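Peer 1: here is my input; please provide its structure:
(2 chains)
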Amino acid sequence: MNITPHASPYLTDATPVPRIMGQVLLALVPAIVAQVYFFGWAIVSSLGVATLGALVAEALMLKFRRVPAAPFLADLSVVVTAWLIALSLPPTLPWWMNALGVGFAVVVGKHLYGGLGNNPFNPAMIAYAVLIIAFPAQMTRWPAPLALQSAPPGILEQLLLPFSGGLPDAMSMATPLDTLKTQLAMPRSVDAVRQAQPIFGQAGGRGGEWIALAYLVGGLFLLARRIITWRVPVSFLGALFGLAALLHFLAPTRHADGLFHLLAGASMVGAFFIATDPVSGPTTRRGQLLFGAGVGLLAYLIRAFGGYPDGVAFAVLLGNCCVPLIDMYTRPPSFGHKGERR
Amino acid sequence: MAGLFKFFGGVHPPEHKAQSTRLPIARPSLPPRLFVPLHQHIGNHAKPAVRVDEVVLRGQMIGEAQGRISVAVHAPCSGTVRGIAPALVPHPSGLSDLCIEIEPDHRDAAIEARPLDWRGVPRATVFDHLRQMGVAGLGGAVFPTYAKLAGAPRVLDTLVINGAECEPFITCDDLLMRERAAEIIAGTLIMGELLPARRVVVGIEDNKPQALAAMDAAARQAGGAVVVVAVPTIYPGGGAKQLIRVLTGIEVPTGQRSTELGVQCFNVATASSVWRALVRGEALTHRIVTVTGNVREPRNYEAPLGTPIAHLLAQAGELPGTTGFIMGGPMMGFELPAAEVPVVKASNCVIAKSAALFPPPAPELPCIRCTRCVTACPAELTPHELYWFAKSRNFGKAQEYALFDCIECGACAYVCPSNIPLVSYFRFAKSEIWAREREKNAADDARERHEARAARLERDKQERAEKLAAKTAAAAPPPPSSPASSARDTALVRTLSAPAAPVTPTRSPDEGASRADELETDRARLRELAEQKHEHG
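Peer 2: Numbers count the residues shown, from 1 in each chain, chains lettered A, B, ... in the order given. So this is what the prediction gives:
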């Protein structure tokens, strides 16, 4: 193709890709701080392993694809993927599982589809899906909040947990969503479970509810910076809340309330950081509303009726499958074509 | 005036207008040579109306309008014609075109002014006068003004005069409105009467308070029939379709002209040249050009058409570090192949580029579908998808996604975080589609020509055979001079009189050619035969 090297426009006001990605990383910091505060320092090691693994995998794939590595490593997109993976895994997961997931996401999820901008699926959710299918036991073994541990270890020890071969039983605890699912099957009522189990907090999970709020803060920052738009997060959270609230109203003993579901599991990170991924998401305004709502509904359905404690990852991946179709059918009429039937 | 409307999208690039509005419009000195192109407008080339070494006066016609859409070209100064030859013209591809080279004699002798009592003559005469005076749209498209005026329906609802001037750096319309508002309003009123139009609105972006004030005062003084409206400053608010949308709320449907909806749009400078042509009797020989960018004294010049850009740049004081020249604005303009190209009717602005003003573009990265381009596009297109289709040469899909509604304003590329030259991709796709259509049309024409020829040959054959058969029947039975050849000749006559087989378009051209050759030999033989018979008879 013969593209004139420099034709008009000669002016640009672009926010370069690295700056966009940098702001996404910045928006994740509050949640990381909250995670450290409530669950300990293991997440820092986990983030480090994921970042390193992602950069190595990215550099190797760029080399194999004979693409200049420097601009693509510097665009920080692979670091965003790495951080989102680390934040969705149990922070104490053995380091090699973490690296494996990251490697799979970068190599298969991203580069085999053509690299940045060409992946139909959210690479971070690919990693999560692969790991939870391959290592279900380790992937559901989360550390207990530090406040609930009888003798929490020192910082160094916490940092080394991912390299120690496994989380000691004394330090682990099922997540709120997991607990709810198993206890409801006993069967017990939602209220009874939430009162009896210390993992539950004021409105969500203990500690977890604050991390969710930290993601909300980060998400609002991205909205204010116009890195993301409101459509996907609002429709996602709205649909999730709406369905949860409806079922809670119909069967309060079987379904937790809407607020709990907004603050539990991956709802907030999913709504603001995962489902808003522009590459694997829809691009039309109507399509974004449809996509967000669909993913929110699916996430709740998988949570409440599926085999996994949380459903955000699978809901996003299923949503990604529908994106080309959504984009095709929701393209708005262009200037001069209003009132035409398509 | 009812409230204003909005159009979707748009961007706010830095204006860079202040530097060239500090000084009034100046008359530049005459260059040693002027190169006046004969094709400065949309439509047919003007035909040279002078000879080499002929002495011309200012305002004298040197190029005659030809065909339905065309305007005349005039000498912008008195002097001697030194050549009529192709010379470099302002075009992104560095094309040459026929120019009339004039050596000024600095006497500034002009032909007699030819004002027209435009109210007292038929409309057609007025339009012809505008054509003869070379009046064409000065907003950029350079469409012959008479053709646009004549093409309007009986009564126009709104005449829109475009003083938006939305592109950065350009200030020629701003200065014209500040200094010659009365002229513009007078021209506007003439156009409003000629069309005629029920109402006349001038749209000016609100970043030009002085122009707005001057125009408003002039409009009031002229009786208040013209309404001057401040429109929000947003690029590309000066696009005809965008301005019409803002002022009237009408969204001109694709494939239709605004005229069909009762709206027409002319640039302010065009209005002024209409007034000059009809009231002052002056041809369009000068235009206001903004000379800005990396120059010591950015300002506007009323330049004679044909003045080399380099001459204007020298007057403005081109500074060291200039890396090139843009004609037009930085959003839609193009880089000039050389500074020797002349000022033409379309030249609103010349920008001297420097690395500080226009840093080289960052390397292109993959599209991340962030849809900033979608949000910026005033045509409400999906540039990220058009880019994908253009890149993969999926031109059918590109057209389905309304590629040809793209006005190439550059808003998408302006906001692209991956530095993708989106407009270049769209220009590429458009030109490929045009090239393919040309090829297809050429092939269709060739096929039609071939079919017509084959049909003609068959028809000729049949006619001749019929004539011959008639003749043979009329003549007495021929004496058997040579029985063998005679029998063969009768057979030949019979074959040729038989009804021709229908022409099938599927036949290959080679087949057709060989059959035509056969036919020719047969015909020659028949002619011989007929002559022999006459002799015998």
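Peer 1: flag every buried residue along stretch B:447-456.
Peer 2: By 16 or more other C-beta atoms under 10 Å in any protein chain shown, the buried positions in stretch B:447-456 come out as B:450-451, B:454. Every residue, glycine included, has its C-beta placed from N, CA and C.
Peer 1: can you tell me which of those residues are in helices?
Peer 2: B:450-451, B:454 (DSSP state H).
Peer 1: just give me the neighbour total for residue 280.
Peer 2: By default, I'm working from chain A. 25 (other C-beta atoms under 10 Å in any protein chain shown).
Peer 1: look at chain B instead
Peer 2: When neighbours are counted by other C-beta under 10 Å, B:R280 registers 11.
Peer 1: that one contacts B:A113, correct?
Peer 2: Yes: here B:R280 reaches B:A113: they are 6.2 Å apart, a contact under C-beta atoms under 8 Å.
Peer 1: of the ones in helices among the buried residues of stretch B:447-456, closest to A:L240?
Peer 2: B:E451 (66.7 Å; C-beta to C-beta).
Peer 1: measure the residue in chain A positioned nearest to chain B to B:K241 for me?
Peer 2: Of all residues in chain A, the one sitting closest to chain B is A:P9 (3.2 Å; C-beta to the nearest C-beta). The gap separating A:P9 from B:K241 is 19 Å, by C-beta to C-beta, to the nearest Å.
Peer 1: so these two - more neighbours on which side?
Peer 2: More crowded of A:P9 and B:K241, by other C-beta under 10 Å: A:P9, with 30 against 22.
Peer 1: and residue 284, what pLDDT?
Peer 2: In the absence of a named chain, chain A is used. Here the pLDDT value assigned to A:T284 is 95.
Peer 1: wait, chain B was what I had in mind.
Peer 2: 97.
Peer 1: skip the chain neighbours and tell me the closest residue to it.
Peer 2: B:G134 (4.3 Å; C-beta to C-beta, 6 or more residues apart in numbering or on different chains).
Peer 1: same question, A:T253
Peer 2: That would be A:S189: by C-beta to C-beta, 6+ apart, it lies 3.8 Å from A:T253.
Peer 1: and stretch B:87-100, anywhere near chain A?
Peer 2: Yes: using C-beta under 8 Å from any C-beta of the partner chain, stretch B:87-100 comes into contact with chain A via B:P92.
Peer 1: flag every buried residue along that stretch.
Peer 2: Neighbour-count burial for stretch B:87-100 flags B:87-91, B:97-100 (criterion: 16+ other C-beta under 10 Å).
Peer 1: what does it contact?
Peer 2: A:4, A:7, B:35-39, B:45, B:48, B:50, B:62-63, B:73, B:75, B:81, B:83-86, B:101, B:306, B:309, B:327, B:334-338, B:340-342, B:344, B:346-347 (C-beta atoms under 8 Å, 6 or more residues apart in numbering or on different chains).
Peer 1: let me see the domain layout of the chain.
Peer 2: Picking chain A for this. In terms of domains, chain A is parsed into A:14-173, A:175-328 (source: automatic domain parsing).
Peer 1: could you do chain B instead?
Peer 2: Taken from automatic domain parsing, chain B resolves into B:18-316, B:372-436, B:453-536.
Peer 1: of all these, which lies closest to A:G201?
Peer 2: domain B:372-436 (38.8 Å).
Peer 1: up against chain B, what does the stretch 1-150 of chain A have?
Peer 2: Applying C-beta under 8 Å from any C-beta, one finds that the stretch 1-150 of chain A approaches chain B through A:1-4, A:6-17, A:19-20, A:71-72, A:75, A:77, A:115-118.
Peer 1: how does it look with 10 Å?
Peer 2: A:1-21, A:67-68, A:71-72, A:75, A:77, A:114-118 (C-beta under 10 Å from any C-beta of the partner chain).
Peer 1: from those residues, list the buried ones, please.
Peer 2: Listed as buried from those are A:7-12, A:14-18, A:20-21, A:72, A:75, A:77, A:115-118; burial here means 16+ other C-beta under 10 Å.
Peer 1: which phi and psi values does the closest residue to A:P324 other than its chain neighbours adopt?
Peer 2: Excluding the flanking residues, the one nearest A:P324 by C-beta to C-beta, 6+ apart is A:P120, at 7.8 Å. Phi and psi for A:P120, reported as degrees, to the nearest 10, are phi -70, psi -20.
Peer 1: before I go, just wanted to say thanks for your time.
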